[in-house]
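Engineer: Return a 3D structure for these sequence lines:
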Amino acid sequence: MYGKTSSGIGLPILVDGDGKLITIPGGGRLADAAINGRLFSVANQVKVAVTAALATTWTGLGVANPTGSGKLLILHEFGWSTDVVNPAEGVVGLMTATDTGFAQTIAARCARNGYATSVAYCDDGATISTPVLERICGSTMEGAITTVPQIGVNVYKIDGGIVLAPGRSVLTYHSIGGTASMMFHFLWEEISA
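Structural biologist: Numbering: from 1, shown residues only. You can find the predicted model right below:
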């Protein structure tokens, strides 16, 4: 037997005519969520200015799970990059707050393109409730992008370590803030609450 159902009933293994085990490639750790239309992402469509620290008049990129959605949003990944000289050295992180002030200004995309619609509100600027810094993810450096120690996209794996209940949000954080120079992305899964 190979595995069991949720009822504890053993499942038979599958073999071909020569007795060789038949397997199906898994497609990666998030493939099931993508195939079933539960995996979503959002990214800034243009570079944005970022507010400093825990400001309630905030800009960057955020994902809110609206009150009454009936879903949990399981965060898997966060990323950031710059395409011009950074305005200042600073810490990049994630902060959380309520869904106050969020509007649907950037459309989330289903990983199974065109298959499902996200319940999340994705925004790049709002007047939010008082946020709390949750994670330190990396940094930005001041100077030409050709001389920065890290060139390219910075990816922070959350791997389900942040879950947004209805009425909660996750937002980008920068310790110093600055003019339009950054772009961000989030990847999350939606399941019934």
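Engineer: Mind giving me the packing neighbours of the strand of greatest length in the chain?
Structural biologist: Identified as the longest strand of the chain according to DSSP state E is strand 178-192. Secondary-structure packing of strand 178-192 (3 or more CB pairs under 8 Å, 6 or more residues apart in numbering; DSSP states H and E): strand 39-43, strand 48-50, strand 57-65, strand 71-82, strand 168-174. All C-beta spots, glycine's among them, are computed from the backbone N, C-alpha and C.
Engineer: Of those, give the one that comes closest to Pro131.
Structural biologist: Closest to Pro131 of the helices and strands packed on strand 178-192 is strand 168-174 (CB to CB; 6.1 Å).
Engineer: quick one: that closest one to chain centroid distance?
Structural biologist: When distances are taken as CA atoms, centre = their mean, to the nearest Å, strand 168-174 is centred 10 Å away from the chain's centroid.
Engineer: could you dump it to CSV, C-alpha only?
Structural biologist: Taking C-alpha atoms only, strand 168-174 is exported to CSV below (Å, rounded to 0.1, in the frame of the first residue of the first chain):
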residue,chain,number,x,y,z
ARG,A,168,-5.7,42.1,8.5
SER,A,169,-3.0,43.3,6.1
VAL,A,170,0.7,43.0,5.3
LEU,A,171,2.6,46.0,4.0
THR,A,172,6.1,46.9,2.9
TYR,A,173,8.3,48.6,5.4
HIS,A,174,11.4,50.8,4.8
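Engineer: one step back: possible to save the helices and strands packed on strand 178-192 as CSV with mean pLDDT and mean neighbour count?
Structural biologist: Below are the helices and strands packed on strand 178-192 laid out as CSV (pLDDT from 0 to 100; neighbours: other CB atoms under 10 Å):
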stretch, mean pLDDT, mean neighbour count
strand 39-43, 98, 21
strand 48-50, 92, 21
strand 57-65, 97, 24
strand 71-82, 95, 21
strand 168-174, 97, 25
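Engineer: Of all those, which one comes closest to Ala103?
Structural biologist: Within the helices and strands packed on strand 178-192, the stretch nearest Ala103 is strand 57-65; the backing value is 9.0 Å (CB to CB).
Engineer: any idea of the angle the closest one forms with strand 71-82?
Structural biologist: Counting by axes from the mean of the first three to the mean of the last three CA atoms, to 10 degrees, strand 57-65 points 140 degrees away from the direction of strand 71-82.
Engineer: want to throw the helices and strands packed on strand 178-192 into TSV with distance to Arg112?
Structural biologist: Formatted as TSV, those follow (distance: least, CB to CB, whole Å):
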stretch	distance to Arg112
strand 39-43	7
strand 48-50	27
strand 57-65	19
strand 71-82	15
strand 168-174	23
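Engineer: how about the ones you listed, which one is nearest Cys122?
Structural biologist: Closest approach to Cys122 among those (CB to CB): strand 39-43, 4.2 Å.
Engineer: pLDDT below threshold where in this structure?
Structural biologist: For the chain, the stretches flagged by pLDDT under 70 are 1-14, 22-26, 85-88, 143-152.
Engineer: All good on my end, thank you.
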